[in-house]
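In: quick one, fold the following:
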Amino acid sequence: MSYFRNVKPQIEQLQEMFSRNERWLITINADPDAMGSALALKRIMSHRVADVDIARVNEITRPDNLAMVRLLRIPMVKLTPQVTAQYDKFAIVDSQPHHHPLFSELDYSIVIDHHPINNDYPVKSDFYEILPGYGSNSTILTEYLYQMKIRPGKLLATALMYGIKTDTNDFERNFHEVDLRAFKYLSKFANHQLLSRIARSEMHYDWLEYFSRAITGMHKVGSGRYAFVGMVDNPDSLVVIADFFMRVHEMRWVAVCGVYEDKAVIIFRGDGVNRDLGKFAYCQFNDVGSAGGHKALARAEIPIEELDGKDVEMFVFKRLVSPTRNRVIKCVKPSDEEPENVCVE
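Out: Residues are numbered from 1 along each chain as shown. You can find the predicted model right below:
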């Protein structure tokens with residue numbers, strides 16, 4: 001049995017697409033998995049095309065992502081019409097063209113992704129491979145490197161490892177056996193000291209104040225906990241706090257709320273055993289904002305104007321503990337035809 005699946009047909013098709021006279025741009029929504037994948041595709045294209053660069057549609061704000069860019073020397077530019085005008089061909093990794101308005105404006109020659117296919121937005125590209133069963137897009141690119149006999153350098157291997165690590169949540173989320181094999185294979189080449197430094201770069205110093213507010217103002221909500229942080233300069237801080245609380249012994253689930261710009265943002269984390277947080281978030285907050293997620297992690301965002309001057313901390317608390325609301329609106333498991341997190345009267 002081969003260590004990885006046979007992707008020689010895909011590689012042959014890819015190589016036929018490359019020309020030394022063309023400039024390529026790889027576009028991403030920058031997170032660790034996307035950045036690792038883009039670096040790998042850039043390595044595959046090197047010496048086969050005239051030039052290849054990476055462009056992101058989002059601002060990078062999470063401390064670990066910033067550390068990854070700095071320590072692994074990941075070159076990126078912001079995606080703008082002025083930038084795209086300089087290139088002949090376009091590729092996208094860890095996303096599909098309909099995932100962002102700026103993506104949808106481009107004609108892609110290469111699409112490599114591991115997110116589910118949306119039948120309403122079929123992928124039209126000369127080459128595409130979409131594998132929703134994979135836990136990480138970095139795994140797909142690792143297979144390509146392996147089959148092409150390209151030994152990843154330390155920085156590239158570290159980027160791909162961190163992409164797999166984050167997208168599988170350290171193999172606690174859905175993943176495929178091949179994700180484990182890719183992680184093991186890359187570990188031979190990666191810089192593990194750099195990997196640890198990136199993984200430990202979870203927060204800004206200023207966020208320590210938010211931890212203090214969350215700990216001193218925590219409320220019990222059934223088997224879980226609720227913490228209100230107040231105004232925050234970055235909603236990523238709420239994610240870090242919620243993840244931290246889930247390391248506390250016997251913490252079943254937690255909701256951490258803060259106000260960012262004109263929205264109340266609520267981050268849910270849980271053990272995924274007794275409560276489906278995606279459905280819970282949807283049923284409690286979807287009537288006043290957007291809400292949903294998975295069993296062990298979810299998010300809700302409520303425009304402040306929807307609260308009509310109500311105190312944000314108490315409004316969210318009452319929604320979390322409201323037995324009346326839970327009786328009136330019953331959450332049901334969605335069928336294959338229904339969208340996720342369905343509530344019925």
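
In: okay, buried residues for stretch 47-57 please.
Out: Under the neighbour-count criterion of 16 or more other C-beta atoms under 10 Å, stretch 47-57 has 49, 52-57 buried. Yep, even glycine has a C-beta here, placed from its N, CA and C like the rest.

In: out of these, which are inside strands?
Out: Judged by DSSP state E, the subset of the buried residues of stretch 47-57 located in strands is 52-56.

In: pick out whichever of the residues you listed sits closest to Arg20.
Out: For these, the residue nearest Arg20 by C-beta to C-beta is Val52; the value is 11.5 Å.

In: pretty sure the closest one sits against Trp24.
Out: Yes. The pair Val52 / Trp24 is scored as a contact, 4.4 Å apart, by C-beta atoms under 8 Å.

In: all strands for this protein, in order.
Out: 23-28, 51-56, 77-78, 89-93, 110-113, 127-130, 219-221, 224-231, 253-260, 263-270, 290-293, 297-303, 330-332, 342-344.

In: possible to save the buried residues of stretch 47-57 as a markdown table with distance to Tyr282 and pLDDT?
Out: Below are the buried residues of stretch 47-57 laid out as a markdown table (distance: C-beta to C-beta, whole Å; pLDDT from 0 to 100):
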| residue | distance to Tyr282 | pLDDT |
| --- | --- | --- |
| Val49 | 45 | 97 |
| Val52 | 41 | 97 |
| Asp53 | 40 | 98 |
| Ile54 | 35 | 98 |
| Ala55 | 34 | 98 |
| Arg56 | 30 | 98 |
| Val57 | 27 | 96 |
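
In: ok, and the closest non-adjacent residue to Asp126?
Out: Residue nearest to Asp126 in three dimensions, not counting chain neighbours: Ser109, with 4.8 Å by C-beta to C-beta, 6 or more residues apart in numbering.

In: so what's the residue count around the nearest residue to Glu22 once chain neighbours are set aside?
Out: Nearest non-adjacent residue to Glu22, counting by C-beta to C-beta, 6+ apart: Asp88, 4.3 Å away. Counted with other C-beta atoms under 10 Å, residues neighbouring Asp88 total 14.

In: now swap in Ile215 and tell me
Out: 12.

In: which non-adjacent residue is nearest it?
Out: In space, Ile215 is closest to Ala227, 7.5 Å off (C-beta to C-beta, 6+ apart).

In: show me what contacts that neighbour?
Out: If you count contacts by C-beta atoms under 8 Å, 6 or more residues apart in numbering, Ala227 has them with 213-215, 217-219, 241, 245, 254-257.

In: of those residues, buried ones?
Out: 213-214, 241, 245, 254-257.

In: need the overlap of contacts for Val52 and Trp24.
Out: Met45.

In: on the pLDDT front, check Pro339 for me.
Out: pLDDT, Pro339: 38.

In: now Asp179: how far from Lys165?
Out: 10 Å (C-beta to C-beta, to the nearest Å).

In: Ala157: which of the contacts of Ala227 is nearest?
Out: Looking at the contacts of Ala227 and their distance to Ala157, the nearest is Ile241, at 31.2 Å (C-beta to C-beta).

In: so what's that closest one up against?
Out: 207, 210-211, 214, 227, 229, 256, 267.

In: just the closest of these to Lys184, please.
Out: Ile267 (31.6 Å).

In: wait, Arg166 touches Pro32, no?
Out: No Arg there; residue 166 is Thr. Yes. Using C-beta under 8 Å, Thr166 is in contact with Pro32, at 4.4 Å.

In: between these two, which one's more packed in?
Out: Under the criterion of other C-beta under 10 Å, the comparison of Thr166 against Pro32 puts Pro32 first, with 27 against 22.

In: so who does the more buried one touch?
Out: 64-65, 68, 159, 162-163, 165-167.

In: try it again with 6 Å
Out: Applying C-beta atoms under 6 Å, 6 or more residues apart in numbering, one finds that Pro32 lies in contact with 68, 162-163, 166.

In: residue boundaries of the helices in the chain?
Out: Along the chain, the segments classed as helices by DSSP state H run 8-17, 32-45, 63-71, 81-84, 101-104, 137-147, 154-167, 177-187, 192-200, 208-216, 236-245, 277-285, 312-321, 323-328.
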